[in-house]
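Asker: Mind looking at a prediction? Sequence and model below.
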Amino acid sequence: MTRTMRPFISFRRVQYFEWKLGIKVQSSSSEISNREMASKFDSDQDSGLHEACGVFGCVATGEWPTQLDVANIIQLGLVGLQHRGQESAGIVTSQGDSKYQFRTHKGMGYVGQIFQDEHIIRKLKGNLGIGHNRYSTAGNSELTNCQPFVVETLHGLIAVAHNGELVNANSLKQKVLKHGVGLSTGSDSELITQLLALTPPDGEPNGPDWPARIQQLMKETYTAYSLLVMYKDTIYALRDPYGNRPMCLGKVMSAGPISSENKHNSEDVDIEGWAVSSESCSFQAIGAEYYREVLPGEIVQLTRHGVKSICIVPRPTESPSAFCIFEYVYFARPDSILEGQMVYTVRQRCGKQLALEAPVEADIVSTVPESATPAALGFAQQAGIPYVEVLCKNRYIGRTFIQPTKRLRQLGVAKKFGALTENFKGKRIVIVDDSIVRGNTMGPIVRLLKSAGAKEVHIRIASPPIKHPCYMGINIPTKDELIANKLSADKLAHYLGANSVVYLTVDGLEKATKQGIEKKSEKKVGHCVACLTGEYPVKLD
Ligand SMILES: O=P(O)(O)OC[C@H]1O[C@H](OP(=O)(O)OP(=O)(O)O)[C@H](O)[C@@H]1O
Ligand SMILES: NC(=O)CC[C@H](N)C(=O)O
Ligand code: SF4
Ligand SMILES: [Mg+2]
């Protein structure tokens with residue numbers, strides 16, 4: 001995916017915005033201004049939605065010190081999750097011995113850049129650890145807000161890695177401040193860390209009860225978070241009761257020869273460690289096998305003895321779970337398994353459903369590379385129209401901070417794409433994209449295809465119009481910047497110079513998503529579709 005090619009942008013984006021307006025923004029106003037500034041800048045030249053952070057943890061099993069290269073595994077795991085956040089990354093490891101010291105390295109940029117020196121990984125040597133890739137939603141994109149957060153509690157250090165955004169951050173912030181705890185960043189992840197560090201009102205006569213503290217946190221804030229908490233020799237992995245953000249477990253397998261005899265004796269015999277990740281795609285890169293998903297509201301404990309489910313914290317009412325449907329549409333890597341099904345397959349089904357809902361007479365079906373390709377293939381299969389590539393994507397294009405010249409702006413050139421002219425000249429094209437956000441991508445593409453000889457261009461979007469902001473950890477532009485709030489599908493077709501535009505319906509998307517879910521008959525399995533319908537899974541702060 002070319003999303004992995006994005007440069008880390010937000011901090012520079014803020015600087016750019018300051019420069020553009022000739023102002024200096026105080027970093028103390030960061031929590032609110034970060035999102036606003038980001039969207040202001042984004043509206044100029046950005047496209048798509050922004051990802052949601054990635055967390056990754058690993059514990060070596062058996063006797064410690066381990067031979068397993070835990071720090072390396074976490075680094076590779078984070079590389080596998082790079083598409084979820086490219087602003088900064090960090091790893092915290094521990095030997096898990098009686099000293100319980102943490103080793104930390106964090107930095108701005110891509111995982112590969114931050115951990116490129118071998119001595120950094122050597123310094124991080126440990127038996128367990130957690131890591132994080134960040135795309136900021138609360139708090140500036142700067143080193144102080146990089147995760148994992150580490151704080152000293154009454155009982156020693158804890159490290160926390162967070163994917164999501166707390167819907168009731170303001171009231172939680174008041175609670176922490178009332179306890180006399182000072183916050184040093186605008187990050188809601190620091191807030192979580194400080195809430196966990198608070199000693200419960202009734203005290204803890206037998207030492208810290210971390211599962212109880214986590215359960216308390218989950219009752220105070222229902223969404224949105226998938227969290228890793230490391231304390232001493234243990235990692236706690238949990239998803240919020242609505243299961244808004246993903247998380248799954250993997251077995252780190254032995255690299256040595258696997259004797260079939262051993263395999264029969266015990267299924268755990270070849271396991272060298274346990275891993276936990278935002279997405280299963282990162283398991284393949286570290287020699288781990290997908291084990292299972294962490295359930296909504298579940299707290300899982302990972303130690304050298306294995307994984308153990310501690311409890312499942314229920315949702316407040318009988319409300320269904322609210323896993324982010326856009327993980328299927330765009331965020332997750334297509335080879336990841338979510339709710340028991342491969343993301344690629346769901347995208348294909350969305351394309352098929354779209355072909356049923358919005359058929360059109362055409363000669364070829366094609367994709368806007370890369371995320372839309374499975375949906376385009378699905379559309380082509382269902383419609384019985386050949387799938388042909390019409391665009392070549394420049395995989396090295398990043399966002400430029402230099403405005404194009406007036407001439408180039410007026411031409412509206414499709415900077416990211418080149419036309420595979422011989423594949424489509426004189427033909428009627430159905431061009432499938434997974435989503436339209438600001439509409440910046442599609443306009444230049446239609447112009448490019450038409451000017452290169454396409455007879456007709458019909459746009460089909462494998463998700464419904466995005467009309468509302470997200471408060472659960474995704475940077476969606478303001479309502480004004482979402483093209484679906486400005487133009488109906490027909491007007492959009494006219495504006496883009498296309499022959500037609502049709503979006504997938506919300507029902508169609510939900511149908512395509514639910515079809516492959518294990519236990520799909522269970523009423524409680526639901527999805528967040530708030531950015532499409534405006535109906536949020538919980539009351540917002
Ligand atoms: O309407 P817009 O605001 O222009 O955004 C929509 C586009 O952004 C995303 O693609 P992206 O450029 O992130 O690349 P990818 O498809 O290769 O992941 C998405 O897949 C759409 O193509
Ligand atoms: N995208 C995310 O999940 C961000 C996590 C957290 N809210 C932060 O800004 O650091
Ligand atoms: S509002 Fe949209 S992007 Fe945000 S969690 Fe819900 S489905 Fe996902
Ligand atoms: Mg795209």
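Answerer: Happy to help now that I have it. Ligands and ions are numbered 1, 2, ... in the order given.
Asker: And the residue of the stretch 251-400 of the chain closest to ligand 3?
Answerer: Across the stretch 251-400 of the chain, no residue is closer to ligand 3 than C324, which sits at 3.2 Å (Cβ to the nearest ligand atom). Placement of C-beta: from N, CA and C, glycine included.
Asker: who's in contact with that residue?
Answerer: Contacts for C324 were tallied using Cβ atoms under 8 Å, 6 or more residues apart in numbering; they are A52, N244, R245, P246, F331, M472, G473, I474, H527, C528.
Asker: Keep only those that also lie close to ligand 3.
Answerer: Restricting the contacts of C324 to those adjacent to ligand 3 (criterion: Cβ under 6 Å from any ligand atom) gives N244, M472, I474, C528.
Asker: List, one by one, the residues from the protein near ligand 3.
Answerer: Residues of the chain lying close to ligand 3 by Cβ under 6 Å from any ligand atom are N244, C324, I325, F326, C470, M472, I474, C528, V529, A530, C531.
Asker: Count the residues that sit near the first one.
Answerer: Yep, that's N244 we're talking about. Using other Cβ atoms under 10 Å, the number of residues around N244 comes to 31.
Asker: So it versus L227, what's the distance?
Answerer: With distances defined as Cβ to Cβ, to the nearest Å, the gap from N244 to L227 amounts to 12 Å.
Asker: okay, and the common contacts of these two?
Answerer: Both N244 and L227 are contacted by G164, under the criterion Cβ under 8 Å, 6+ apart.
Asker: Most neighbours among the ones next to ligand 3 among the contacts of C324, which one is it?
Answerer: Using other Cβ under 10 Å as the neighbour definition, the ones next to ligand 3 among the contacts of C324 reach their maximum at N244, which records 31 neighbours.
Asker: ok, the residue of the stretch 251-400 of the chain closest to ligand 3 to D233 distance?
Answerer: With the distance defined as Cβ to Cβ, C324 ends up 32 Å from D233.
Asker: and what of K416?
Answerer: K416 sits at a distance of 47 Å from D233 (criterion: Cβ to Cβ).
Asker: what does V437 give?
Answerer: Note on V437: its distance to D233, by Cβ to Cβ, is 44 Å.
Asker: before we move on, back to that, nearest to ligand 2, of the residues of the chain next to ligand 3?
Answerer: Relative to ligand 2, the closest of the residues of the chain next to ligand 3 is I474; by Cβ to the nearest ligand atom it sits at 7.2 Å.
Asker: Isn't that closest one up against G48?
Answerer: No - taking contact to mean Cβ atoms under 8 Å, the distance of 10.8 Å between I474 and G48 leaves them out of contact.
Asker: Next, count neighbours for R438.
Answerer: Neighbourhood size, R438 [other Cβ under 10 Å]: 23.
Asker: likewise L154?
Answerer: By other Cβ under 10 Å, the residues close to L154 number 10.
Asker: follow-up on the earlier one: how about the contacts of C324 in a markdown table, adding pLDDT and secondary structure?
Answerer: Listed next are those as a markdown table, based on pLDDT from 0 to 100; DSSP: H, G, I helix; E, B strand; the rest coil:
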| residue | pLDDT | secondary structure |
| --- | --- | --- |
| A52 | 81 | coil |
| N244 | 97 | coil |
| R245 | 97 | coil |
| P246 | 98 | coil |
| F331 | 94 | helix |
| M472 | 91 | coil |
| G473 | 86 | coil |
| I474 | 87 | coil |
| H527 | 96 | strand |
| C528 | 97 | strand |
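Asker: which of those residues lies closest to ligand 1?
Answerer: Looking at the contacts of C324 and their distance to ligand 1, the nearest is F331, at 9.5 Å (Cβ to the nearest ligand atom).
Asker: these two touch, right, that closest one and C53?
Answerer: No - counting by Cβ under 8 Å, F331 sits too far from C53 to count as a contact (10.3 Å).
Asker: could you point out which element follows the helix or strand harbouring V432?
Answerer: For V432, the host element (DSSP states H and E) is strand 428-433. Reading on from strand 428-433 to the C-terminus, the next helix or strand found by DSSP H and E is helix 442-451.
Asker: That next one - contacts with which helices or strands?
Answerer: strand 417-419, strand 428-433, strand 456-461, helix 489-496 (3 or more Cβ pairs under 8 Å, 6 or more residues apart in numbering; DSSP states H and E).
Asker: give the contact list for G297.
Answerer: Under the criterion of Cβ under 8 Å, 6+ apart, the neighbours of G297 are M218, L238, R239, D240, P241, G243, I312, V313, P314, R315.
Asker: for the longest strand seen in the chain, packing partners?
Answerer: Residue-count comparison of every strand in the chain, with assignments taken from DSSP state E, identifies strand 156-164 as the longest. Strand 156-164 makes packing contacts with strand 54-60, strand 102-108, strand 128-134, strand 149-153, helix 188-197, strand 225-231 when contacts are defined by 3+ Cβ pairs under 8 Å, 6+ apart.
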